[in-house]
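What follows is a predicted structure for the sequence shown.
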Amino acid sequence: MDATNAFATGSGSWLSRLGNLRNVVRQEVVARQLTAHLPMPSGASAIDVGSGQGTQAIRLAREGFEVTAVEPEPRMREACAEALEDETPAVRARVDLRAGGIGDLADVADPGGYQVVLCHGVLMYLDSPVVALTELAGLVAAGGTLSVLTRNAEALAWRPAARHDWRGALELLDEVDRADREHRSPVYRNEIGVDARADWREGLEDLLRSSGLALEAWYGVRIASDNVPVEESFPQDPEQARALLDLEERFGRTDPYRRMGTLMHLVARRPWPSTTTLL
């Protein structure tokens, strides 16, 4: 599965739904979850791999981070560039938009050069997370943070079940069982019409550890609101909007609810080198 080609077929649908409830919840909740793990922004470097339309990259730039936004799909880079036009000159100057992605990061990024590395919504379009996490971990500076957002295999059947699609839920449960027997990731058809893959948290944690990173926290994303129609608008009432985001954030860090997140958000850190004092 090639991430660029897989996502490209559904990128138009993705871009048309950016302001809808499901995407707003995803972006806002991930930003809230990430904030607690970020360094002081002044002068700190960040890279967003698979930056898409630039939502998180621009958010970091507004906070003062120097951001490299790496995106393989031309349509998504164009959307990011258009979004940057609405920002202040200072924010635009802090975002370096580059073509590239998983598999060629050595050509567009500095190894070990970033305090913050983001990779959101990319792993599900790859055949395996192994190469991607190894490559991403190599970008993280000592003491730096890696943020990964991907599809949660543990809750793969929850969306159709919550929508009363009983047959669809059973089919996904069968797929999870087959994948377990065949020692592979379960696959599914997502809502932009693309075949994708889900990950198990424990497997990702093992891969992070083998790459020298320690899992600092993990969260569920889009738990209470995942069953709404894809075209449903974000609430216009500020109190309703705030209550929805507050609920999603709280569910996302609370068991057992976070396990039901359609997406899971992992935050890992590269430890500082140990020092030995000579007497």
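Yep, it's here.

Give the bridge partners for the residue positioned nearest the centre of the chain, please.
Centre of the chain computed as the mean C-alpha position; nearest residue by C-alpha atoms, centre = their mean is H120, 2.1 Å away. With DSSP bridges as the criterion, H120 is bridged to L149.

Counting neighbours, what do you get for the spatially closest residue to A155 that is not a sequence neighbour?
Spatially, and ignoring its direct neighbours in sequence, A155 is nearest to M260 (4.9 Å; C-beta to C-beta, 6 or more residues apart in numbering). In short, each C-beta sits where N, CA and C put it, glycine included. The number of residues packed near M260 is 19, by other C-beta atoms under 10 Å.

now do M124
As a burial measure, the neighbour count of M124 was computed by other C-beta under 10 Å and equals 25.

in the stretch 51-200 of the chain, which spans are helices?
Counting by DSSP state H, counting those that start in this stretch, the stretch 51-200 of the chain has these helices, from start to end: 55-63, 74-85, 89-93, 130-137, 158-162, 166-181.

same for the longest one, what does it pack against?
In other words, helix 166-181. Counting by 3 or more C-beta pairs under 8 Å, 6 or more residues apart in numbering; DSSP states H and E, the packing neighbours recorded for helix 166-181 are helix 158-162, strand 187-189.

Which pLDDT value does the model give M264?
The score at M264 is 98. That number is its pLDDT.

Wait, a strand at it?
Yes: assessed by DSSP: H, G, I helix; E, B strand; the rest coil, M264 belongs to a strand.

doesn't M124 make contact with it?
No: under the criterion of C-beta atoms under 8 Å, M264 lies out of contact with M124, with a separation of 10.9 Å.

Next, show the common contact partners of the two.
With contacts defined as C-beta atoms under 8 Å, 6 or more residues apart in numbering, the residues adjacent to both M264 and M124 are 150-151, 199.

List only buried entries from the residues you listed.
Using 16 or more other C-beta atoms under 10 Å as the burial test, the shared contacts of M264 and M124 include 150-151, 199 as buried.

out of those, who's nearest R189?
Nearest to R189, judged by C-beta to C-beta, of these is R151 at 11.8 Å.

which residues sit in contact with the spatially closest residue to the closest one that is not a sequence neighbour?
With C-beta to C-beta, 6+ apart as the measure, A198 is the residue that lies nearest to R151, at 4.1 Å, once sequence neighbours are left out. Contact analysis of A198 by C-beta under 8 Å, 6+ apart lists 124, 150-153, 156, 185-188.
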